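Colleague: below are the sequence and a predicted model; questions follow.
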Amino acid sequence: MRISIDRGMVTDIVVQYESLLNKQWIAIIRYDCAHGYFHRDIISPKGGKEKHTITIQNLEDALLYAEQDIKDRWKFYKQKYLRKTKNEKRRNS
């Protein structure tokens with residue numbers, strides 16, 4: 001997690017869920033406001049990113065949203081990532 005604050009105001013955030021898979025830390029979900037808007041990146045096993053815009057303008061609220069979503073849904077995100085990994089292995093066999 002990275003939070004930038006200027007004069008008491010949140011100016012930038014990155015909240016990322018990583019999982020230890022095969023002895024490597026792998027990024028699975030990331031929330032940030034790169035590209036000028038708040039969004040969630042769903043990261044594929046091959047490294048591609050699926051962006052989902054989230055319409056929260058206040059970065060303090062966005063930070064709370066991102067933290068709570070990952071706390072509530074980390075198992076779902078991990079299972080989805082593992083299914084994609086399995087499907088990609090089947091395609092390459």
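Modeller: Arrived safely.

Colleague: show me the contact partners of the biggest strand by length in the chain.
Modeller: The longest strand of the chain (DSSP state E) is strand 9-21. For strand 9-21, contacts defined as CB atoms under 8 Å, 6 or more residues apart in numbering pick out 1-5, 25-33, 59-60, 62-63, 66-67, 70, 74, 77-78, 81-82. The C-beta positions use only the backbone N, C-alpha and C, and glycine is treated the same way.

Colleague: residues near Lys78, how many?
Modeller: The number of residues packed near Lys78 is 16, by other CB atoms under 10 Å.

Colleague: if you could redo that for Leu64, that was the one I meant.
Modeller: Neighbour count of Leu64, defined by other CB under 10 Å: 13.

Colleague: out of the contacts of strand 9-21, which are inside helices?
Modeller: Here DSSP state H is the test, and those give 59-60, 62-63, 66-67, 70, 74, 77-78, 81-82 as lying in helices.

Colleague: show me what contacts Gln68?
Modeller: No residues are in contact with Gln68 under the rule CB under 8 Å, 6+ apart.
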